[in-house]
Every structure is written in structure tokens, then in C-alpha cells.
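Chemist: kindly generate the corresponding structure for this input.
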Amino acid sequence: MYDIHMVKPKPPLPANPPAPAALVIFGVTGNLAQHMLLPALYHLESQQLLPEEFYIVGIFRRVPDVDAILHEATAQLEQNGETIDPAVTSRLKSRLHTIKMDSTNPSDFSRLAELLHGLDDAAGTKLNHLFYLAIPPDIFETVIDNLATGGLNHDDADRSSRLLIEKPFGYDLASAEALIDAMSAHFDEHQIFRIDHYLAKETAQNILTFRFSNPLIQGIWSREFIDHIQITATEKIGIQGRVAFYEKMGALRDFVQSHLMQLMALVMMEYPEDLTSEAIHAEKLKVLESIETITPHSVPDVAVRGQYAGYRDEVGDPGSTTETYAALKLEVANSRWGGVPILLRTGKSLARKTTEIVVVFKDRTRKASPDNLLVIRIQPDEGISLKLLAKKPGFDDQLQPVQMDFSYSGVFDGHQPDAYQRVLIDALRGDHSLFATNDEVLVSWRILQPVLDAWSHTAEPPQSYARGSRGPADAQRLAANYGSQWIDNHTPRQP
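Modeler: Predicted structure coming up:
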């Protein structure tokens with residue numbers, strides 16, 4: 001029996017344990033902190049993965065209420081069916097320190113520096129400082145400037161100072177360049193951790209292992225055997241009240257520029273010289289830089305935008321042209337992938353919630369039969385499946401598609417760390433492997449900028465689509481233009 005090699009989730013004790021640190025959360029009362037970061041810290045505390053000398057500093061604009069934010073975080077876990085251990089909550093609370101301050105006021109940062117120095121004294125050592133900006137992107141630059149004003153941006157021989165920022169990394173190429181310049185003025189690149197939590201999901205981490213550790217897969221991973229690749233990230237929910245954020249972003253900026261481009265790079269990069277962060281990012285960048293340029297006149301042929309019915313009423317703007325659906329065709333112009341279409345799509349208020357990569361193999365015999373598919377499921381039910389043809393039982397030679405399936409939940413026992421647990425541990429350890437680099441961010445914006453420009457200058461609105469549907473009709477035509485159709489519900493494309 002031959003095995004497909006996969007990476008088993010890491011054991012409770014990391015090989016490179018994190019050093020003593022203080023994690024400063026700007027926006028600790030916001031949804032990101034209470035629904036993602038604090039639940040992740042609860043899990044890490046419950047598994048004893050945090051350093052003994054580890055402190056959380058919550059930045060409050062009003063009077064701090066530790067019990068309230070911990071209650072919200074544990075309530076989120078209970079909604080997910082978990083049983084809360086009061087002892088773990090108590091230990092987490094003992095690590096949590098608070099400060100009431102205005103993040104946009106430079107003078108308040110001297111008090112933050114005093115608090116952090118006091119934690120050094122309590123720990124008996126110089127703590128690494130991690131500044132997590134769980135705040136609106138509009139004030140990123142202000143907070144970064146204020147950290148520097150307070151002298152909190154410097155590494156020295158005894159401590160590291162690290163900046164953790166969530167996407168969006170700008171709203172277009174120009175704003176991304178400005179943000180990078182603002183960060184680079186005060187923090188070196190090795191201090192900056194740009195978070196894309198999709199890259200921290202177990203199946204995303206396994207893409208390179210699956211590709212490069214299995215000769216069967218490695219040998220057919222090229223244009224000679226692959227017809228095209230689809231990468232999908234869709235949601236059943238709408239914008240859920242995030243009007244100001246989403247009206248400025250839209251689907252292309254929100255998901256394609258970050259999550260989907262990063263997943264595409266993992267799928268299509270060459271084998272790195274080694275598995276260091278630097279080597280992996282170098283190969284990812286080569287792929288992104290090899291993507292064919294989208295010209296202004298080609299945008300209608302390679303890009304589609306849609307908007308779900310009722311969106312304009314939801315945001316209170318009858319003339320809104322913000323897209324809630326985006327589909328895009330790209331192509332990597334190199335010897336391995338030239339001629340293979342890459343179809344990306346994302347959208348809200350659609351028929352199903354899924355993030356997956358579908359690799360469609362060529363039919364070299366040109367028989368009229370369903371495609372062989374390799375489906376890499378990022379969410380839900382993380383895993384990998386292979387669609388093949390088998391003869392149905394009986395006396396006739398009838399064929400039927402069958403599925404060979406690997407699921408994390410069915411193979412690996414025990415707790416599997418979620419994406420934010422991995423993000424926090426890697427940031428504590430100073431491992432950049434799962435974080436986007438300056439160059440990756442900028443080249444992704446350069447690829448998409450012609451589409452953004454074309455959409456901003458056209459009088460044609462996004463195509464409307466019904467809630468709970470597969471998206472706008474033009475998206476189906478986009479796939480058909482390249483000899484395919486979108487593959488939904490893991491159903492093989494019929495001839």
C-alpha cells in the first residue's frame with residue numbers, strides 16, 4: 001500500500017518554543033480581537049503553548065472591562081460547541097493587563113512604554129514586544145508613527161519589536177506603496193508580519209508538502225497534464241453590517257488581492273532551495289511576477305464583477321457600484337504553466353460557503369468522459385480529494401465518477417490549531433513563512449490595478465445576481481470562454 005504524504009498537525013510542544021513576550025492588542029474590544037484573537041489565546045493557554053512569561057496588553061479607549069471582553073471571547077467558543085474551563089480563563093485573565101489610551105494621541109504612548117517596562121521588571125527579563133493592529137486600516141499609519149514616537153519600534157540585542165497587521169494592505173497600488181513607506185520608515189522588513197490567516201490553515205500549509213513530497217503528484221504538476229486551475233472562496237453571508245469597510249473595499253480588494261493570490265502562488269511556485277521563509281517567499285514572488293499583464297482593453301475579457309440583489313438598500317446607496325462578487329482569469333507566463341488558465345472567484349451571499357482549489361487534469365485520450373479532478377479543500381472540512389472514474393458493478397462497461405478522499409478530521413486525532421493560533425505562535429517565534437512580504441503585496445496590487453482602474457471608469461454597473469445563487473451569469477461566460485465551467489459542490493465537469 002502506497003501512502004500520500006501529508007503533514008500531521010504539530011505536536012503540543014513546538015520545536016522552536018516562543019520566547020517571553022508582551023502582546024499589545026490595539027482594538028481589543030473589536031470583533032477581530034474578541035472573536036478570533038482572544039479565543040485563539042484561550043486555546044493556546046489551554047494547551048500550555050504560551051511562554052511562562054507572556055503578557056497581553058489590551059488597549060482601551062474607555063474604562064477597561066476585562067471581564068466583559070473575556071466573556072465575549074468565551075461565549076464565542078461556547079457557540080462553537082466548546083466547553084469552557086474556568087481555570088484556563090482565570091490563567092488567561094491573570095496575563096491580561098489594560099491601559100486606557102487614545103491610539104491616535106502620541107503622548108499616550110509614553111504611558112504604554114512605562115507599562116511595558118513594568119512588565120519587563122515583573123518578568124525579570126526583557127520581553128519581546130508584539131504590536132497587533134486589530135484596528136481600522138485608516139489609522140494604521142498614525143499608530144505606527146506613534147509607536148516610533150514612544151520609542152517602541154526598535155530591536156536591540158535583548159528584545160525584538162514586531163508589528164502585526166491585518167489586511168487590507170492598502171486599497172490600491174498607490175496606497176499600498178504609501179503604507180509600506182510609512183512602515184519602513186520606523187520598522188525593518190524582518191519586524192513586520194502581514195497576516196493572511198488563510199495561509200495558516202492546515203490544508204494551505206500542506207499544499208507544498210502534498211506537491212513536493214509525493215512523486216505521483218510532483219510528476220504531473222505542469223501544463224502537460226493540467227488543463228486549468230480554479231481557486232474559489234465564497235460565502236453564504238452578506239456584508240453583515242460592515243458598510244463603511246466593504247463600500248471602500250469590494251470583493252476584488254478584499255479577497256482576490258490577498259487570499260486567492262497567495263493560494264495561487266503556493267499552488268504554482270517552483271520547489272524552493274530549502275524550506276526557509278526566505279526561499280519560499282522568493283519562489284512565490286517569482287510566480288506572481290510571471291503573471292501576464294492585464295491590459296486596459298482586455299479587462300472585459302478576463303474580469304467579471306457582480307453585486308447581490310438588495311446590496312444597495314443594505315448600504316443605503318442606490319448608486320453603489322461596489323462589487324460583492326469578482327471573477328478573474330490569470331495566466332502564468334513561464335515554461336511550467338504557460339497556456340494554463342487560472343480562474344479565481346470570490347463572492348458573498350452565494351449558494352455555499354467554501355474555499356477550495358480545483359485542479360482539472362487534461363484528457364490526453366480525448367475521450368468524452370468526465371474530468372479527473374484534484375480538490376484541495378481549505379474550508380469547510382479541510383482535506384484533499386481526487387476524482388477518478390471506475391467501472392460500475394455489473395455486466396456492462398458503465399463508468400462512474402468516484403472519490404478518493406482525505407479529511408483532516410478523519411485522519412488526525414486530537415486538537416488541530418486554528419489559523420489564528422498558528423499566526424500568533426509563528427509571530428511569537430519570529431517565523432515569517434506564513435506572512436506576506438512587501439514585494440508580494442506590491443506585485444499583487446500591480447496585477448490587479450488595471451482591473452480596478454477599468455471598473456472605476458466604466459459607466460456599466462456590476463451585474464446583479466440573486467442571493468443564494470451561483471453568482472452573476474457573466475461569470476459562467478468567463479469560464480466558458482476558456483473551455484470550462486465553474487465546478488461547484490465537488491461535481492466533475494461533464495463533457
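Chemist: what distance do you get for Asn481 to Val57?
Modeler: 53 Å (CB to CB, to the nearest Å). In short, each C-beta sits where N, CA and C put it, glycine included.
Chemist: compare the two (neighbour count), which wins?
Modeler: Using other CB atoms under 10 Å as the criterion, Asn481 and Val57 rank with Val57 on top: 23 against 12.
Chemist: what about that one, helix or strand, and which?
Modeler: Element membership for Val57, per DSSP states H and E: strand 54-60.
Chemist: who does that strand pair with, and is each partner parallel or antiparallel?
Modeler: strand 21-26 (parallel), strand 96-100 (parallel) (DSSP bridges).
Chemist: which residues touch whatever helix or strand comes next after the longest one?
Modeler: Reading on from strand 21-26 to the C-terminus, the next helix or strand found by DSSP H and E is helix 31-32. For helix 31-32, contacts defined as CB atoms under 8 Å, 6 or more residues apart in numbering pick out Ala134, Glu166.
Chemist: just the buried residues of the helix or strand hosting Lys93, please?
Modeler: Counting by DSSP H and E, the element that carries Lys93 is helix 86-95. For helix 86-95, burial by neighbour count (16 or more other CB atoms under 10 Å) applies to Val88, Thr89, Leu92, Arg95.
Chemist: repeat that for stretch 457-470.
Modeler: In stretch 457-470, counting by 16+ other CB under 10 Å, buried: Pro462, Gln463, Tyr465, Ser469, Arg470.
Chemist: now do stretch 275-284
Modeler: Using 16+ other CB under 10 Å as the burial criterion, the residues of stretch 275-284 that qualify are Ser277, Ile280, His281, Ala282, Glu283, Lys284.
Chemist: next, the third one: secondary structure please.
Modeler: It refers to His281. Look at His281: counting by DSSP: H, G, I helix; E, B strand; the rest coil, its state is helix.
Chemist: just checking: what are the partner strands of the helix or strand hosting His228?
Modeler: Assigned by DSSP H and E, His228 belongs to strand 226-234. Within its sheet, strand 226-234 is paired with strand 342-347 (parallel), strand 354-361 (antiparallel), according to DSSP bridges.
Chemist: wait, His186 touches Asp145, no?
Modeler: Yes: between His186 and Asp145 there is a contact under CB atoms under 8 Å: 7.0 Å.
Chemist: let me know the angle separating the following helix or strand past the strand holding Val57 from helix 86-95.
Modeler: Downstream of strand 54-60, the next assigned helix or strand under DSSP H and E is helix 66-79. Counting by axes from the mean of the first three to the mean of the last three CA atoms, to 10 degrees, helix 66-79 lies at 140 degrees to helix 86-95.
Chemist: ok, the closest residue to Asp188 other than its chain neighbours - contacts?
Modeler: Among residues not flanking Asp188 along the chain, Asp155 sits closest, at 7.6 Å (CB to CB, 6 or more residues apart in numbering). Asp155 makes contact with Ser161, Asp188, Gln191, according to CB under 8 Å, 6+ apart.
Chemist: ditto for Ala333
Modeler: Here Ala333 is in contact with Ser290, Ile291, Glu292 (criterion: CB under 8 Å, 6+ apart).
Chemist: one more: Ala73?
Modeler: Taking CB under 8 Å, 6+ apart as the test, what Ala73 contacts is Gln34, His35, Leu38, Pro39, Tyr42.
Chemist: CSV please, covering the residues you listed and showing pLDDT and secondary structure.
Modeler: Below are the contacts of Ala73 laid out as CSV (pLDDT from 0 to 100; DSSP: H, G, I helix; E, B strand; the rest coil):
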residue, pLDDT, secondary structure
Gln34, 92, helix
His35, 91, helix
Leu38, 95, helix
Pro39, 95, helix
Tyr42, 96, helix
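Chemist: out of those, give me the one that has the most neighbours.
Modeler: Leu38 (25 neighbours).
Chemist: not counting sequence-adjacent ones, nearest residue to it?
Modeler: Closest to Leu38 by CB to CB, 6+ apart is Ala73, at 3.6 Å.
Chemist: filter the contacts of Asp155 to the buried ones?
Modeler: The buried subset of the contacts of Asp155 - by 16+ other CB under 10 Å - is Ser161, Gln191.
Chemist: which one of the contacts of Asp155 is nearest Ala233?
Modeler: Gln191 (29.3 Å; CB to CB).
Chemist: any idea of the pLDDT on the residue lying closest to Gly347 once chain neighbours are set aside?
Modeler: Of all residues not flanking Gly347 in the chain, Tyr325 sits nearest, at 3.4 Å (CB to CB, 6+ apart). Note on Tyr325: pLDDT of 98.
Chemist: just Leu173 next, same as before
Modeler: What the model reports for Leu173 is a pLDDT of 96.
Chemist: and the residue nearest to it when sequence neighbours are not counted, how many neighbours?
Modeler: Nearest non-adjacent residue to Leu173, counting by CB to CB, 6+ apart: Trp445, 4.1 Å away. Counted with other CB under 10 Å, the neighbours of Trp445 add up to 22.
Chemist: got it, and the one 3 residues further on?
Modeler: A count of neighbours around Leu448, defined by other CB under 10 Å, yields 22.
Chemist: surely it meets Val256?
Modeler: Yes: with contact defined as CB under 8 Å, Leu448 reaches Val256; the gap is 6.7 Å.
Chemist: and for the two, which residues touch both?
Modeler: Joint contacts of Leu448 and Val256 (CB under 8 Å, 6+ apart) are Leu328.
Chemist: what about the strand holding Val57, distance to the chain center?
Modeler: Distance of strand 54-60 from the chain centroid (CA atoms, centre = their mean, to the nearest Å) equals 24 Å.
Chemist: using PDB, write down the CA coordinates of that strand.
Modeler: Extracted as PDB, the C-alpha positions of strand 54-60 are listed here (Å, rounded to 0.1, in the frame of the first residue of the first chain):
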ATOM      1  CA  PHE A  54       3.800  36.100  28.500                       C
ATOM      2  CA  TYR A  55       1.500  39.100  28.900                       C
ATOM      3  CA  ILE A  56      -1.400  40.500  27.000                       C
ATOM      4  CA  VAL A  57      -1.900  44.300  27.000                       C
ATOM      5  CA  GLY A  58      -5.300  45.400  25.900                       C
ATOM      6  CA  ILE A  59      -5.700  49.000  24.600                       C
ATOM      7  CA  PHE A  60      -9.000  50.500  25.600                       C
END
